[in-house]
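Trainee: pasting the structure only:
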């Protein structure tokens, strides 16, 4: 049997999107793509909508060829709602070629509608070095970062053979890393204090701050000299986990992903301004802080609450006032590492020049924003689940149809013979905190397969840290492990 892609090729049907990324080319449909970029396509009577998403944990570049021509491509940004015409693209052989840059794990809608009013830009150079081109894929992160700091010549070439060269002045940057007044809001919040310099809460000598989970409210007065030919941006650097920025008491934006960057031109006034940054982390550090005190909830060996404690039911003061939270499951242990929290920076206020040519101004702005990305995505606690409730992705049935079955790993001598039929676990690493609590199998291990024999008896294949595998009947599993398997939609009866 021919695969669908081969049938379409024989019929002369071109791929909807051809992706060039990381020096590779992928012409397959999105569900078969081997590259860290996927897309979906929706069409109306007059418009075409593509949602393009990168799964790379670093700033990425891609060269996409769309099976469409004669329409103006636009970028619709889902994080801000901003819409702008795509400035750099080329139409060739009935297709539209667009060089794109994407933030870490970034995404954008590419929308084709209407007619273009001007010839598109096909190449962008910074001080003579090509940074964007419809002819080849280039990642401009390093070049653009150095360019905007030092300034220089930005040149664009258009599809009609014309070129425009513009001198870009260096950006003006001022550090805001020092002298913040910080108050805290949340359960067991520490006292307000002055931060002479930015620091992670989890590194504080103050126990209440070290284990704090909630919101830190950073405030300081800044003096700004505005110019009509400049934009003013605030770069927060690294934030753990999410930050809301207010200027003179008015909320400007909430930043939740890199780059933690926002424009403040309209929000600021010449002279003194009150800058406020509200940073919120998650509950993990507070849970670990509670584990430094004796258990007054009654988790037991399984880590799951069986019955509500008397002091809770009778509304009495809790025996351990040092504990600030109440949960029905113990998610973290006292020795689990604390994760960075708060405004980590470096924080800077940046003034950059506006450009008279709207195409140059848009290209310069987009490259500037891209240049403020970190080299790699720094993962906070909110991005890695450290306990057994980590939910795996469902298997892609379309993709699975074209994959060759993997050979079953060899069993160790201690292993029980596998059941006749087996269902592959959902993709991803599926960790369980405990297996069969109190039994010989109690350990931290990876879930590999769910099996069923001819009589329908269920069993789970367990792979321990030393690589050995064993087949365990579901009746030996702890309640939390059974709940975990049910949470990833593995049927247990």
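Mentor: Received it, and whenever you're ready, just let me know what you need. Predicted model, so just to flag it, every value in this text is computed and none were measured.
Trainee: so what's residue 304 bridging to?
Mentor: Note on residue 304: beta-bridge partners by DSSP bridges are residue 329.
Trainee: count of neighbours near it?
Mentor: By other CB atoms under 10 Å, the residues close to residue 304 number 17. Every residue, glycine included, has its C-beta placed from N, CA and C.
Trainee: make residue 1 into 29 and carry on from there
Mentor: Fine by me, first position is 29 from now on; the one you just mentioned is residue 332.
Trainee: what separates it from residue 360, distance-wise?
Mentor: Distance, residue 332 to residue 360, by CB to CB, to the nearest Å: 14 Å.
Trainee: ok, now residue 274?
Mentor: 32 Å.
Trainee: which of the two has more residues huddled nearby?
Mentor: Comparing residue 274 with residue 360 by other CB under 10 Å, the one with more neighbours is residue 360, at 22 against 17.
Trainee: who's in contact with the residue lying closest to the more buried one once chain neighbours are set aside?
Mentor: Spatial nearest neighbour of residue 360, chain neighbours left out: residue 315 (4.6 Å); criterion: CB to CB, 6 or more residues apart in numbering. The contact partners of residue 315, taken as CB atoms under 8 Å, 6 or more residues apart in numbering, are 241, 353, 355, 359, 360.
Trainee: surely residue 315 is in a helix?
Mentor: Yes: membership of residue 315 in a helix is supported by DSSP: H, G, I helix; E, B strand; the rest coil.
Trainee: where do the strands sit along the stretch 329-478 of the chain?
Mentor: Ranges of strands in the stretch 329-478 of the chain, per DSSP state E, counting those that start in this stretch, are 370-373, 376-381, 449-452, 459-460, 473-480.
Trainee: got a pLDDT number for residue 327?
Mentor: Note for residue 327: predicted pLDDT of 88.
Trainee: hang on, I meant residue 473
Mentor: For residue 473, pLDDT reads 48.
Trainee: over to residue 146?
Mentor: So residue 146 comes in at 88 (pLDDT).
Trainee: assign a three-state SS to it, would you?
Mentor: Assignment for residue 146 (three-state DSSP): coil.
Trainee: check contacts around it.
Mentor: Listed by CB under 8 Å, 6+ apart, the contact set of residue 146 reads 186, 387.
Trainee: mind running it again at 7 Å?
Mentor: Not one residue lies near residue 146 by CB atoms under 7 Å, 6 or more residues apart in numbering.
Trainee: how close does it get to residue 188?
Mentor: For residue 146, the distance to residue 188 - CB to CB - is 9 Å.
Trainee: do the same with residue 94
Mentor: In terms of CB to CB, residue 94 sits 21 Å off from residue 188.
Trainee: looking at those two, which is more packed in?
Mentor: More neighbours surround residue 94 than the other of residue 94 and residue 188, with 24 against 9 (other CB under 10 Å).
Trainee: where does the nearest residue to that one once chain neighbours are set aside fall, secondary structure wise?
Mentor: Of all residues not flanking residue 94 in the chain, residue 124 sits nearest, at 4.7 Å (CB to CB, 6+ apart). Assessed by DSSP states H and E, residue 124 sits inside strand 123-130.
Trainee: buried ones in that strand?
Mentor: Under the neighbour-count criterion of 16 or more other CB atoms under 10 Å, strand 123-130 has 123, 124, 125, 126, 127, 128, 129, 130 buried.
Trainee: give me the residue at the spatial middle of the protein.
Mentor: With distances taken as CA atoms, centre = their mean, the chain has residue 133 as the residue nearest its mean C-alpha position (5.1 Å).
Trainee: angle of the longest helix along the chain against strand 376-381?
Mentor: Looking across the chain with DSSP state H, the single longest helix is helix 386-399. Comparing the axes of helix 386-399 and strand 376-381 via axes from the mean of the first three to the mean of the last three CA atoms, to 10 degrees yields an angle of 160 degrees.
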